[in-house]
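# Any chance you could fold what I've pasted below:
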Amino acid sequence: MSFEAILKKDVITVDINSTISEIQDLFEKQRDLIVVANKNFYEGIINESLAYKINYDPTTTKVKTLMKIAPKLSGSESIEEISKLMVESGFKTLPYVLQDGSLGGGIFADDVIMQGRNVFRNFSAKDIMTPDPVTLEIDATIGQLLSTMRNAGVSRVIIIEGKRIAGIVTLHDIIQKLIKPKFRQKRDSLIGEFKDIIQGSVKSIMTEDVKTIDEKSNSYEAFELMKKFRFSSVVVTNNGYLSGILTKEDLLRQLASINVNEPAIFLQLSRKGIIQELEYDPETIRSRILNLARKHSKMLQNSSITIYVSGDQKQRRGKPHVITRIQVNGPYIKTSVTGDGWGIRNSLVEAIHKLEKILEKRRMSLTKGVSELELEELLESVLP
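Below is the predicted model of the structure:
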């Protein structure tokens with residue numbers, strides 16, 4: 001891959017001292033806005049999920065208050081390295097920063113994925129998708145939806161009616177249909193109205209025209225569908241029934257896992273509260289997951305493991321409320337588990353405990369009546 005081939009020099013930037021109200025219309029053109037200061041020096045990135053917060057006054061809150069620092073690209077990174085940085089940062093745009101600190105352009109997820117199209121044509125949608133996606137019945141309230149998204153640590157929920165896929169609600173839908181129309185209101189008024197809104201039905205905000213793809217289709221077809229309709233995910237089906245969900249992040253994760261023998265481990269930390277907690281630093285979390293991967297090495301060969309850690313404002317004895325979600329995608333197991341607790345350690349331990357139970361159950365189902373030697377031969381025969 002040539003870095004120059006996917007570098008976009010003409011990117012939308014916003015000034016660090018702009019107010020949120022001044023920049024909100026720009027998200028329609030570019031989801032991740034690159035923040036710069038005087039003389040075009042890179043400062044960070046802001047997207048609509050960071051900008052549209054109901055506890056800030058958009059007319060006075062400045063970009064620098066809500067932006068995050070995204071990884072800087074030097075121009076020497078491989079497609080695998082760029083993909084990994086995008087997965088771990090949560091941003092689908094990364095800045096290319098020159099040696100003097102000024103912005104030289106940006107790299108976009110769509111262009112990275114397009115570079116990997118030959119890779120994706122060798123994988124089916126089922127190979128890469130997230131199985132057992134989070135669902136809600138169509139008669140659920142918006143409040144139940146928001147609670148489910150927070151507790152499961154997800155940004156999209158599939159709405160079902162019996163066994164039928166009725167729609168999908170994403171974080172983008174919530175922003176566009178609930179928050180943005182009232183965004184110019186004062187903070188107290190907005191919060192008051194929002195309390196009434198959450199009693200409404202998810203049916204009122206869901207996207208009914210759900211784009212689906214059969215699990216046997218190659219995964220690049222899924223990306224082409226996303227690109228055509230400007231979606232970040234497609235629903236994967238098996239004979240018309242829900243099988244999983246495939247996102248751009250899943251595709252990037254697959255690219256980042258190329259030529260990785262041990263399980264590829266990705267870590268996403270939110271900036272809410274837990275970033276102040278020093279009980280577990282990122283490398284300690286990685287170490288715990290790597291130990292798990294080595295303990296269950298046969299089950300987790302050629303897998304990718306993503307750990308999402310988020311916290312909220314609630315605290316107990318100085319520890320924040322933390323949700324840890326571990327997502328595993330591999331040839332022998334595809335699953336997602338969630339741990340909930342006070343402090344990173346408790347949340348992570350609960351999630352790992354749940355995952356180990358699933359791994360052990362899966363191992364027993366594979367080895368029942370099969371010798372250890374036969375299992376090794378079976379693994380070697382099907383692994384790429």
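# roughly how far apart are Gly153 and Ala351?
Taking C-beta to C-beta, to the nearest Å as the measure, Gly153 falls 10 Å from Ala351. (Glycine included, C-beta is placed from N, CA and C.)
# Next, show the common contact partners of these two.
324-325, 338 (C-beta atoms under 8 Å, 6 or more residues apart in numbering).
# what's the closest of these to Ile160?
Thr338 (19.5 Å; C-beta to C-beta).
# Can you pull the domain assignment for this protein?
The chain breaks down into these domains under automatic domain parsing: 3-109, 120-250, 260-382.
# Asp127 contacts Tyr220, doesn't it?
No. With contact defined as C-beta atoms under 8 Å, Asp127 and Tyr220 do not form a contacting pair (11.7 Å).
# Going by neighbour count, list what's buried in stretch 152-170.
Of the residues in stretch 152-170, 152-160, 165-170 count as buried by neighbour count, 16 or more other C-beta atoms under 10 Å.
# same check, this time on stretch 216-225
217-225.
# before we move on, what about stretch 353-363?
354-355, 359, 363.
# Now, the residues you listed that are in helices?
354-355, 359, 363 (DSSP state H).
# Turn the residues you listed into CSV, columns for distance to Ser49 and pLDDT.
CSV is the format used below for those (distance: C-beta to C-beta, whole Å; pLDDT from 0 to 100):
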residue, distance to Ser49, pLDDT
Lys354, 27, 92
Leu355, 27, 92
Leu359, 32, 87
Arg363, 38, 75
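# Need those residues in a markdown table (columns: distance to Ile45).
Listed next are these as a markdown table, based on distance: C-beta to C-beta, whole Å:
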| residue | distance to Ile45 |
| --- | --- |
| Lys354 | 33 |
| Leu355 | 31 |
| Leu359 | 36 |
| Arg363 | 41 |
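# Among the residues you listed, list the two that are farthest apart in space.
Greatest spacing in these, by C-beta to C-beta: Lys354 and Arg363 (15.1 Å).
# can you list the weak-confidence ranges in the protein?
1, 54, 183-196, 259-263, 269-280, 313, 365-384 (pLDDT under 70).
# burial measure for Lys64, as a count.
Number of residues near Lys64 (other C-beta atoms under 10 Å) recorded here: 15.
# now swap in the one 3 residues further on and tell me
Under the neighbour criterion other C-beta under 10 Å, Met67 is assigned a count of 20.
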